[in-house]
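Novice: can you look at this prediction? I've put the sequence above it.
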Amino acid sequence: MNFALRKLAHGGLLILGVTLISFSLMVWFGPDQTYSLVGKNASAEQIAEIRKQLGYDQPFIERYVSYLTDLFTLNLGASNSSGEAVSNILKKTIPVTIQLMIPGFILGNLLGIALGLLATYRKGRWIDRLINGFSVTSMSISFLVVIIFLQVFLCTPYGLNLFPVRGWQVTGLSSYLLYVTVPTLSLVFITVGYNTRFYRAVFVEEAGKDHIRTARAFGASPASILWRHVLKNSLVPITTRFMFSIPLIVVSGSLLIESYFGIPGIGKVTFDAITNGDQPVLKAVVGLTAVAFIFIQVLTDMIYKLIDPRIA
């Protein structure tokens, strides 16, 4: 009970902090939509009416409290650009983003774990150096460069011309695989370097501990040491990286991929909202991302207890 209350209080403070900072940035530095909505040659009364509708005439604290109230009641308002309810926009776009990002996210982590274990097993040898070299190369190449290269090579007549260049016309498994392949390859190539470097560092540190040397002295096989000792005892940092990467991958990763491939997910909606200054959409995305981050944090702490009951 105390654990739940502590996490709830900590999560509430974090949500307040994140939403306050993001709301302040949008209020003070975000674009003023008054003149884009009111049109040309508007009178002072018309301008005042638009500002009232947008809530610009209210004090900052009232606007922030209203924002929090709308966020927790899921009364997210309507898009200033399209007039569509923000909740409907999220209902349509979030499933697309999840379908788009999950394959690359899972494959990137699994491949990173496999390469990290292999590099640890062959530490200091040519395969370890090769994996490290690949990881550094992957980390040093721009995400946009990878996307453009794979798109030209796999999606155009200048290359293999196997997949669609843009869009998301998914009607079944075959069309889903057709549209998701190139974005997935792009995401895997970029994330596998970071994942491999992280997991290798975790595994190498674990492999140098006393209980591993004891197991090796008692004749345990290298495979047994890697799978039953190194990997098992590294589950806490693995879980941390996996869980806390979810909001970042869904929002920041999808923003570039969806914008470039023209995929109607939450990333493209966020990009369009930034471009158009659509504050209702931006406030909803930022606020719900903060809530999702808190939920993942609490869930991660619960998973810690399942992995290692000694964790308080």
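Specialist: Yep, that arrived.
Novice: CA atoms only for stretch 73-92 - export them in PDB, please.
Specialist: Listed next in PDB are the C-alpha coordinates belonging to stretch 73-92 (Å, rounded to 0.1, in the frame of the first residue of the first chain):
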ATOM      1  CA  THR A  73     -11.500  13.900 -18.000                       C
ATOM      2  CA  LEU A  74     -10.300  13.200 -21.600                       C
ATOM      3  CA  ASN A  75     -12.200  16.200 -22.800                       C
ATOM      4  CA  LEU A  76      -9.500  17.100 -25.300                       C
ATOM      5  CA  GLY A  77     -11.400  19.600 -27.400                       C
ATOM      6  CA  ALA A  78     -11.200  19.900 -31.100                       C
ATOM      7  CA  SER A  79      -8.300  20.500 -33.500                       C
ATOM      8  CA  ASN A  80      -8.000  24.200 -34.500                       C
ATOM      9  CA  SER A  81      -6.900  23.100 -38.000                       C
ATOM     10  CA  SER A  82      -9.600  20.600 -39.000                       C
ATOM     11  CA  GLY A  83     -12.300  21.100 -36.300                       C
ATOM     12  CA  GLU A  84     -12.300  17.300 -35.600                       C
ATOM     13  CA  ALA A  85     -12.400  16.100 -32.000                       C
ATOM     14  CA  VAL A  86      -8.900  15.400 -30.700                       C
ATOM     15  CA  SER A  87     -10.100  12.200 -29.100                       C
ATOM     16  CA  ASN A  88     -11.300  10.900 -32.500                       C
ATOM     17  CA  ILE A  89      -7.900  11.900 -34.100                       C
ATOM     18  CA  LEU A  90      -6.100   9.900 -31.400                       C
ATOM     19  CA  LYS A  91      -8.400   6.900 -31.700                       C
ATOM     20  CA  LYS A  92      -7.600   6.800 -35.400                       C
END
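Novice: what about that stretch, distance to the chain center?
Specialist: From the chain centre to the centre of stretch 73-92 is a distance of 21 Å (Cα atoms, centre = their mean, to the nearest Å).
Novice: please identify the buried residues of that stretch?
Specialist: Within stretch 73-92, the residues that count as buried by 16 or more other Cβ atoms under 10 Å are 76-81, 86, 89-90. No exception for glycine: its C-beta is placed from N, CA and C like everyone else's.
Novice: out of the residues you listed, who's nearest Lys305?
Specialist: Distance to Lys305, by Cβ to Cβ, is smallest for Leu90 among the buried residues of stretch 73-92, at 31.7 Å.
Novice: and the closest one, its phi and psi?
Specialist: phi -70, psi -40 (degrees, to the nearest 10).
Novice: residue contacts, it?
Specialist: 76, 266, 284, 288 (Cβ atoms under 8 Å, 6 or more residues apart in numbering).
Novice: how close does the second one get to Val182?
Specialist: Yep, that's Ile266 we're talking about. Distance, Ile266 to Val182, by Cβ to Cβ, to the nearest Å: 19 Å.
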